[in-house]
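Q: Model the following, please.
(3 chains)
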Amino acid sequence: MKLIISNVSGMPIYEQIKQQVKSAILSGELQEEEALPSLRTLAKDLKISVLTVTRAYTELEQEGFVKNVQGRGCFVMGRGSELIREQLICKVENSLSEAIDAAQMADLSSQELHHLLDILLEDKKNG
Amino acid sequence: MDNFLEVSNLSKSFSGFWLQNISFSLPKGYIMGLIGPNGSGKTTTIKLILNMLKRDNGEVKVVGFDNITDEKAAKANVGAVFDTNYFCDEWTVTQVEAAVSVFYKNWDKNKFSELLKRFHIAPTKKVKELSKGMQMKLMIACAFSYDAKLLILDEPTSGLDPVSRDELLKILSEYIEDGEHSVLFSTHITGDLERTADYITYINYGKLFFSGSKDEFTDMFRIVKGGRNELTFNLSEKLIGVRNFSTGFEALIRADDLKQFSHLDVEPATIDDIVVFTNQEGEHYE
Amino acid sequence: MNDTLKAAKLDFALIKPYMKNICFTMVIPVVFAAINRSLMTGVSFAMCFIAMTTGYTFSVSEKSGMDRLYGILPISKKHLVFGRYLYTCLMGFLAFLFSMITHPLVLRVLGETIHPVDICFAIVLGILMFTLYTVFQLPGYYKLGAINGRIFMYIPVAGFLAILLLASKLNLTNNPIFSALTGNPMISIIAVLLVCIIAYLLSIIMSIKIVQRKEM
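A: Next up, the predicted model:
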């Protein structure tokens, strides 16, 4: 998994870690039960504070993405997990509403929009 | 034992300087930055911790041992790096080991020679022939060779080039990686601490300004920027420190007061911003 | 290893780079002994010279800022002081031993006969002088530091001159105390040793008090 820290993004470092771990989980790059890098090793490698990584991991746990096993490390929760499903649905909603906004600007009718979606789904299915 | 360093109500007065009731604690496995402008009491605090100065009041526990009644046990567990080296200039690196190692029961000869290799220090060189960065690493190598649990560094980066500073931070991150070692790091070059420090203790004019996690510290403040006419009387009362210039102002505020400033440019504050603006000099900082 | 020994070892490490010079200074009294054809002169010079080097440990550690090393080592200030006295006495003893071996040899070669009373007198005087110098020097260095206290380096010279003066003023051969001492060599050696031990004890107590009050 790629994890990098930007000094100019303005986003707090713990937030950057969270976002990157989340997208790795959502994209399937991090599989269920897979371990996250050890907290202290990650802190050392990224040259950041241990507390910063702790905060990122704790918040990821609270949001249901990972599970902290005392003494063993942090593990990715299954994608079937209710919370992750919710996150995914939320992501779908966001992307769809973005698509709707664009469709309105382009004067696409609801029917045409549905049709487009069907075509895209068909394409995905056929690989 | 969860705290490797516990300082409570530490006080010391000299003529013209008073360190008052300093209290903070450093949990095991973390790095704490001790910050403050020059003359604020950082070195005094460190010397009191090491019992090199006699405290007037208070208590200090180093790795669980009282620094006075259990001084020997406390010091067997602590390593120190100062801005200049404290070995005899004429000694070779090998002689340094010979002279110092007898004082530590658990001195690890192999570890010392490994560290010398890693730090590229030739054992035959004299201390005075080593560069400043090398001398610093030699002090660290000694501390690591008897597995000091707590490493105290007093302004280690002043006078070091960026490469050596970066190397030091790397060494320190590795040192605490196992969760069994702690670092107290005094510096006025706060950039060193911006990323790696877990905790910050900020001493200003002999008084404790803050001690806690670094994120908490920087989250407590914001930097606001605006034009001169945007700074009303009500707002200016809320500023902790301000820098006025011909076309606008820049100021430090408490995050709690953020709402009143929301119409202005607000940025997160760096440790440096906080130190600069919380000092009286901040007002004349132009 | 005992803490006092560790501290003494550290002191020996400090003067290691100067050891050659110190050894060289020990050769000069041999020459004096030869010129004066007197064991006593040689030994007193040797003890005077070696006592002039007791400040080395202080000046080397001061120059290298080693106060901080002493501050972080797991050893009490008391033991650091003990170690320094032990180091000083050992240096004195080595110089004494060296002189008591080389000087009589040289004198023999030059055809001088050495009486047991000469040896006895040299022993007593050597130990006594060295003690007198160092018991004042060490607390002085502790109090003022090597640089401000460099005047203490000359205590042996002053003491040496004082003794010379005293010896010339007093008519030694008719002095009752002196003849009592020469009459009972064993007793006088024991008495001198006792005086030395007491003097060192007082000096050590004083040094510890100074060191414990001092802030680094």
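Q: Could you use CA atoms for every contact and neighbour count after this?
A: Fine.
Q: Any residues of the stretch 1-150 of chain B in contact with chain C? List them.
A: Contact residues, the stretch 1-150 of chain B versus chain C (C-alpha under 8 Å from any C-alpha of the partner chain): B:50-54, B:71-76, B:78-80, B:85-91, B:95, B:99-100, B:102-104.
Q: Where do the strands of chain A begin and end?
A: A:66-69, A:73-76 (DSSP state E).
Q: Format these as CSV; extra columns: mean neighbour count.
A: Conversion of those to CSV gives the following (neighbours: other C-alpha atoms under 10 Å in any protein chain shown):
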stretch, mean neighbour count
strand A:66-69, 18
strand A:73-76, 20
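Q: closest one to residue A:53 among the ones you listed?
A: The closest of these to residue A:53 is strand A:73-76. By C-alpha to C-alpha, the value is 11.6 Å.
Q: Skipping adjacent residues, who's closest to the spatially most central residue of chain C in space?
A: The residue lying closest to the centre of chain C (C-alpha atoms, centre = their mean) is residue C:130, at 3.4 Å. Excluding the flanking residues, the one nearest residue C:130 by C-alpha to C-alpha, 6 or more residues apart in numbering or on different chains is residue C:47, at 5.6 Å.
Q: Would you mind measuring from that neighbour to chain B?
A: 27 Å (C-alpha to the nearest C-alpha, to the nearest Å).
Q: moving C-terminal of the helix or strand containing the residue nearest to the centre of chain C, what's the next helix or strand?
A: Per DSSP states H and E, residue C:130 falls inside helix C:116-148. Moving toward the C-terminus from helix C:116-148, the next helix or strand (DSSP H and E) is helix C:155-169.
Q: Can you dump the C-alpha atoms of that following helix in CSV for me?
A: Provided in CSV are the C-alpha atoms of helix C:155-169 (Å, rounded to 0.1, in the frame of the first residue of the first chain):
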residue,chain,number,x,y,z
ILE,C,155,52.1,25.4,46.5
PRO,C,156,54.7,22.7,46.2
VAL,C,157,57.3,25.3,45.2
ALA,C,158,56.4,27.6,48.1
GLY,C,159,56.3,24.6,50.5
PHE,C,160,59.6,23.4,49.2
LEU,C,161,61.2,26.8,49.7
ALA,C,162,59.6,27.2,53.1
ILE,C,163,61.1,23.9,54.2
LEU,C,164,64.5,24.8,52.9
LEU,C,165,64.3,28.1,54.8
LEU,C,166,63.1,26.3,57.9
ALA,C,167,65.9,23.8,57.7
SER,C,168,68.6,26.4,57.4
LYS,C,169,67.1,28.5,60.2
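Q: And that helix, what's buried?
A: Under the neighbour-count criterion of 16 or more other C-alpha atoms under 10 Å in any protein chain shown, helix C:155-169 has C:155, C:156, C:157, C:159, C:160 buried.
Q: From those residues, which shows the smallest pLDDT?
A: Lowest in pLDDT among the buried residues of helix C:155-169 is residue C:160, which has 79.
Q: check contacts around that residue.
A: For residue C:160, the contacting residues are C:44, C:48, C:129, by C-alpha atoms under 8 Å, 6 or more residues apart in numbering or on different chains.
Q: Show me how the chain divides into domains.
A: You didn't say which chain, so I picked chain A. Per the record, chain A has its domains at A:13-76, A:82-125, by automatic domain parsing.
Q: not quite, I wanted chain B
A: B:3-212, B:220-284.
Q: ends of the first one, how far apart?
A: Taking C-alpha to C-alpha, to the nearest Å, the span from the opening residue of domain B:3-212 to its closing residue is 13 Å.
Q: Skipping its backbone neighbours, what lies nearest residue C:206 in space?
A: Nearest to residue C:206 is residue C:139, by C-alpha to C-alpha, 6+ apart, at 6.5 Å.
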